[in-house]
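In: My questions are about this predicted structure, shown below with the sequence.
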Amino acid sequence: MSLKIGVPSKGRLMEKTFDWFGARGVQMARTGSDREYAARVEGAEGVEMVLLSAGEIPRELAAGRIHLGVTGSDLVREKLADWDREVVELARLGFGHADLILAVPACWIDVDTLEDLDGAASAFRAAHGHRLRIATKYHRLVREFLRDVGVADYQLVDSQGATEGTVKNLTAEAIADITSTGETLRANHLKILSDGVIHRSQATLYMSRRADWDTGETGGARAVLASLADRLDLDLPGRE
Amino acid sequence: MPARDMDIPADTLPERAAVRAEAARLLERFLAAGAQPVETEILQPAGTLLDLYGEDIRARAYVTADPLEGEMMLRPDFTVPVVQMHMAGGAEPARYAYAGEVFRRQEHHGARAREYFQAGFELFARDDTEAADAEVFALFAEMLAPLGLRAATGDIGILRAAVEGLSTSPARKAALLRHIWRPRRFRALLDRFGGRVPPNETRKRLIASLGHATPEELMASAGPMIGLREPGEIAARARALAQDAAEPPLSGSEVETLDDVLGLRGTAPVALAHLRDVAVDLPAIGGAVERLARRLDALAARGIDVETLEFEASHGRSTLEYYDGFVFSFVAEARPDLPPVATGGRYDALTRVLGQGREIPAVGGVIRPGLVVALREGIA
């Protein structure tokens, strides 16, 4: 049995992943037509690459259908309850950097910290009769963060895209979203809270705790991974 | 993270039928104590619970979508619907009892129960609230006596009175009171109001700027006005911040006194004597301390051994519940892995929030029949 690795199926994340493995002697490439999601791996015996949407890789790892997967650490933490019970972080790959942050309108001169956000939320609720709305698609991460720091009187509203526009469109008062340069935030007249970084995300290589690592005549997927560990400079966890 | 007082490892759950029978038995006892039986719907409108508990409740209750009613929650507790039912036209005084399943979403591993039985008793009465507290506690103590549980009590009313008695601005008191149930934010606020943690640079710059410019001018140079929060609201809070910056810090001795009250634990008579001493410096807690004294008398009159009864001033602070006075719990000391077998307390403020202009003092509690059965089997 071979070792299955899930890799983002398109864009810079895919290319950078190919580059990262290529620099370590494992050549990955898409095969067939541009539209066909097929792939090959050279330079590593017994490795099978599966091209997947980055957003589906956490679920595939948790289900044990792939042994390894490359995806953003934000997606793993958002999509998996108790993520570290499902997967092991093997390597941070040094690209795909993005921060999940809380941002409010730049014109809110009275708000710079979470304590301010909490105070403004309390006054906002009293004035408007509903809780201060924060638009996001990262419900779990944002809710756990705000609970831990003790912010009250807010509500999360779902926003799957163009989140920076929700304040201007009056569907939210604040946002929690991913940003790498902050340009889109500035263009939409938003500012980041000074203590409002919820998670610093980057592309990360994960190992599934649920996959079958041992079936096979030659030691299974575990043996394949062990043979790659030196080249990829991985610290492998002990057998559980 | 708040204590998950209602959680229980699922594998310690006894047979469902035995638990259901125990729930019925507990309900009978509550009825014999003069309660009317009540039922509530399992599907509750999510809006009420979200407005009460905030977004955190989403992590602890199952949310589902009704095509006509919108978001609904599987009943995470009985108290809210029972209060609503009473506020909609119950006679006074009233005693209600119920038994049934509640549902708690679990976002972490560890096999906590997603659904379990509760049997509860709620007392709505305007006269002699301390006697009402004692009636509920004594009833629970008697019903649980065979299990040899350890009872712990507290009083959020004393904490509230201690905060209200601080010599500081109403805004600072309101901020602290709002976060009594969130110890971490409460502590951060106390550290700032006490001058132990200075404001950050941005805040200092804002206060300095407000010395020579109006909030409106600062807003104009900060960016275009966007969003539902209006310029007047932003300016009002900016002015409030400037005012707060001019407020002297809480004195070290006041913070110490508050810390002393927050950390107080001991037997009830010792705690009472100590609080009476504190009340000399902090007269604002006098009323609440005398209510504690009257409650202890009422408990003693009902046969509770108050000499050994435990009192912890911060008891009940880290739960999502809406308790604002007397609080209590019963735990099995030999089973630290189990949550409390019973919890309860006074929730006058909840009746005010749900009463749409009306309110009534109320106290009550729940017992978990599943834990009663598990412990009884363990003893047998």
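Out: Thanks, I have the structure now.
In: alpha carbons only for contacts and neighbour counts from here, please
Out: OK.
In: near chain B at all, the longest strand along chain A?
Out: Criterion DSSP state E: the longest strand present in chain A is strand A:190-201. No. Using CA under 8 Å from any CA of the partner chain, we find that strand A:190-201 stays clear of chain B, coming within 8.8 Å at best.
In: partners of that strand in the sheet?
Out: If you go by DSSP bridges, strand A:190-201 pairs up with strand A:98-105 (antiparallel).
In: what's the spacing between the partner strand and its chain's center?
Out: Distance of strand A:98-105 from the chain centroid (CA atoms, centre = their mean, to the nearest Å) equals 15 Å.
In: same question, stretch B:46-59
Out: Per CA atoms, centre = their mean, the centroid offset for stretch B:46-59 relative to its chain is 14 Å.
In: any residues touching it, and which ones?
Out: Contact with stretch B:46-59 is made by A:131, A:143, A:147, A:152-156, B:63, B:71-73, B:80, B:105-107, B:320, as judged by CA atoms under 8 Å, 6 or more residues apart in numbering or on different chains.
In: Stretch B:199-206 too?
Out: A:Ile109, A:Asp110, A:Asp112, B:Arg192.
In: Please identify the helix or strand for the last one.
Out: Okay, so that is B:Arg192. Assigned by DSSP states H and E, B:Arg192 belongs to helix B:183-193.
In: right, and the helix or strand after that helix?
Out: helix B:201-209.
In: May I see the buried residues of the lowest-mean-pLDDT helix or strand in chain A?
Out: Lowest mean confidence among the helices and strands of chain A (mean pLDDT, DSSP states H and E): strand A:38-42, at a mean of 85. Buried residues in strand A:38-42, counted by 16 or more other CA atoms under 10 Å in any protein chain shown: A:Ala39, A:Val41.
In: can you give me the offset of that strand from its chain's centre?
Out: Using CA atoms, centre = their mean, the distance between the centre of strand A:38-42 and that of its chain works out at 24 Å.
In: And stretch A:230-240, by the same measure?
Out: 22 Å.
In: do stretch B:273-289 as well
Out: 22 Å.
In: sorry, back to before: what's in contact with the longest strand of chain A?
Out: A:72-74, A:96-106, A:111-114, A:141-142, A:145, A:164, A:185.
In: And for stretch B:271-281?
Out: B:Thr257, B:Val261, B:Leu264, B:Arg265, B:Ile285, B:Gly286, B:Val289, B:Leu292, B:Ala293, B:Phe311.
In: again, only using 7 Å
Out: For stretch B:271-281, contacts defined as CA atoms under 7 Å, 6 or more residues apart in numbering or on different chains pick out B:Arg265, B:Ile285, B:Gly286, B:Val289, B:Ala293, B:Phe311.
In: got it, and stretch A:84-91?
Out: By CA under 7 Å, 6+ apart, stretch A:84-91 touches A:Leu61, A:Ala62, A:Thr204, A:Leu205, A:Tyr206, A:Met207, A:Ser208, A:Arg209, A:Arg210, A:Leu234, A:Asp235.
In: Just these: which are in helices?
Out: Among the contacts of stretch A:84-91, the members falling in helices (DSSP state H) are A:Leu61, A:Ala62.
In: Serialize the contacts of stretch A:84-91 to CSV and add fields for neighbour count and distance to B:Arg203.
Out: Below are the contacts of stretch A:84-91 laid out as CSV (neighbours: other CA atoms under 10 Å in any protein chain shown; distance: CA to CA, whole Å):
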residue, neighbour count, distance to B:Arg203
A:Leu61, 27, 45
A:Ala62, 23, 44
A:Thr204, 22, 37
A:Leu205, 23, 40
A:Tyr206, 26, 41
A:Met207, 25, 44
A:Ser208, 24, 45
A:Arg209, 19, 46
A:Arg210, 17, 48
A:Leu234, 15, 45
A:Asp235, 12, 44
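In: Which members of the contacts of stretch A:84-91 occur in strands, if any?
Out: A:Thr204, A:Leu205, A:Tyr206, A:Met207, A:Ser208.
In: Enumerate every residue touching residue 167.
Out: Reading this off chain A. If you count contacts by CA under 7 Å, 6+ apart, then A:Val167 has A:Glu173, A:Ala174, B:Ile226, B:Gly227 around it.
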